Every structure is written in structure tokens, then in C-alpha cells.
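Novice: below is the sequence, then the predicted model.
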Amino acid sequence: MIGIPVKLTNRALSFAVAIAASAACPAVAQPSGAPSKTSVEQIGTSIRDRFVRAAKECGANLPFEPSVKVDTGSAIDVHYSQDDRAIHFTDWKNLDQDSRGAITAWAAKGTLGLGPEDMYREMFNSFIAPHELGHYLQHIAGRWNSMSPWDAELEANRIGMAFWVLQPGAESDVEARVANITRFLNDVPSPVPPEQDAKAFFNANYAAFSAGKDGPLNPMNYSWFQAEMMKTALRERAQYPFCKLVKINKAP
């Protein structure tokens, strides 16, 4: 997931809260008029259906298919829940002022010319969804709870990247989409002390961060880690095709 575990607050929220704290920027103009009118449920269902179909084409025997739920919460959110076996989204129209401010600042730094609502849809209703479905695969394989935080998050990024590469048209332009998402964080310095490597630092501090405790891992530098993992998955995408990752997460 992208942020603090959902039982406390979603990891996606921590990614955006850091941005909200950084700047309040005016909204940029939409490149093609009004934001898309496709519903969040339609977007999520389309991605879920395509993901499941692609996994089955790779030979996956899926014991269940995750449902798609659009929650009424006012916070930035996208996550897969083991409890109800669903991928959860929230809708831009329900976001509170702080969340909208975060996305407005983010959109102003994006590279695709998207306004705040379409930036939210691109990021939290679309691009991250197959990352969360990657956690679904880890769940059905019985691996998710035993993986280190670093390994689970990096692999989910790899799964999401590999899925998008298979899609037609602009959706497969992962280089442009990752640049759009991560540009805001390019100026954030590495939080990793010189005497530690990134993986060890992340794993050592993740539990406290997940519990909402103050510590070396905080929303801003957690966002930095997620951006770096996206970039790693992007660079190494040829080494991790979708079917290879599906087979790693074969249901028992």
C-alpha cells in the first residue's frame, strides 16, 4: 500500500499529506476541458477486471476475485484490504479541503498538465490500483504478512508497473506517468543515514511508522521511499514481466 496501513489511516494519505504541508499552489488548467465523468467505480472495476484477466492468462488460479468499493470518506485513499477482500477507493468529490489542497499542489508540479481532480483520478483511482492488486496477489499466495515491508512494497510496485506495460495506448506510457507522479518529490533529500542502506532503514522503522508513532520514518520521507520504489520498478521493468510476478504469487 501507499502510506500508513488502513487500520490507522491509509498509506496513500501519508504520501499526500507531505505534499499538502509543502505548498498551496493554484490549480492548473485542464488540458482538454472538464475532468473525466467516468465514475470511480467504473475506473476501478475496469482495472480490476483487466488485472484478473491478465493474471488468469498467466495461468493464475485465483481463489476469489477482489471486489471494488468506493468509500464515502473525505481522505485520500486507495488500498486493498484482506479483511473484506476488496480494493477501496475514495472519490474526489468527497475529499476535504486539506486533501484537495494536497492534490492541487501535486498537480501544479505534475508533468501531464492535469488539473487537481484529474490528477487525483490518475494517481489514486488509476495508477496505484494495480499496485494494490499486487498486494491482493501476495495475499492469496499467503506471502503478504510474512514479507518484509520493503519487499512487499517494491514487489507491489513491480506488479503495478508490469500490468500497465501490457495495456494499450497512453496507459502503457509508464515513463510519463511515473514522472508525473514523482516530480514533486525530486527535491526531497534522502532520509537514509550514511551508515545505513535504504532497505535496512525502511524495514527497521516501518513498524513504528505503521503504528502512527513519531520516528525517523515520517510521511514526507515515506513518500520519498515510494517514489524511489516506483522509479526502481520502472527501470527494471524488463526483468519483471507480469507473468513472472504472477507465478511468484501463485495461490497454494
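Specialist: On my side now, so go ahead.
Novice: this protein: helices as residue ranges?
Specialist: Secondary structure of the chain, counting by DSSP state H: helices at 11-22, 40-57, 97-109, 116-120, 129-140, 149-165, 174-182, 198-210, 219-235, 242-248.
Novice: quick one, which of the ones you listed is nearest to V78?
Specialist: Closest to V78 of the helices of the chain, according to C-beta to C-beta: helix 11-22, at 5.1 Å. All C-beta spots, glycine's among them, are computed from the backbone N, C-alpha and C.
Novice: quick one: mean pLDDT for that closest one?
Specialist: When pLDDT is averaged along helix 11-22, the result is 45.
Novice: low-confidence stretches in the stretch 151-252 of the chain?
Specialist: Nowhere does the stretch 151-252 of the chain drop to pLDDT under 70.
Novice: relative to D77, which of the helices of the chain is closest?
Specialist: That would be helix 11-22 among the helices of the chain, by C-beta to C-beta, at 5.4 Å.
Novice: rewinding a little: including distance to H79 and mean neighbour count, could the helices of the chain go into a markdown table?
Specialist: Formatted as a markdown table, the helices of the chain follow (distance: least, C-beta to C-beta, whole Å; neighbours: other C-beta atoms under 10 Å):
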| stretch | distance to H79 | mean neighbour count |
| --- | --- | --- |
| helix 11-22 | 7 | 23 |
| helix 40-57 | 12 | 18 |
| helix 97-109 | 15 | 21 |
| helix 116-120 | 15 | 25 |
| helix 129-140 | 6 | 26 |
| helix 149-165 | 11 | 23 |
| helix 174-182 | 17 | 19 |
| helix 198-210 | 13 | 17 |
| helix 219-235 | 13 | 21 |
| helix 242-248 | 19 | 18 |
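Novice: as CSV, those with distance to P63 would be great.
Specialist: Output for the helices of the chain, formatted as CSV (distance: least, C-beta to C-beta, whole Å):
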stretch, distance to P63
helix 11-22, 25
helix 40-57, 12
helix 97-109, 35
helix 116-120, 32
helix 129-140, 6
helix 149-165, 18
helix 174-182, 29
helix 198-210, 27
helix 219-235, 26
helix 242-248, 14
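Novice: out of those, nearest to T72?
Specialist: helix 40-57 (11.3 Å).
Novice: for the closest residue to L133 other than its chain neighbours, give me its contacts.
Specialist: In space, and not counting its chain neighbours, L133 is closest to F51: 4.8 Å by C-beta to C-beta, 6 or more residues apart in numbering. F51 makes contact with 129-130, 133, 163, according to C-beta atoms under 8 Å, 6 or more residues apart in numbering.
Novice: give me that answer again for 7 Å
Specialist: 130, 133, 163 (C-beta atoms under 7 Å, 6 or more residues apart in numbering).
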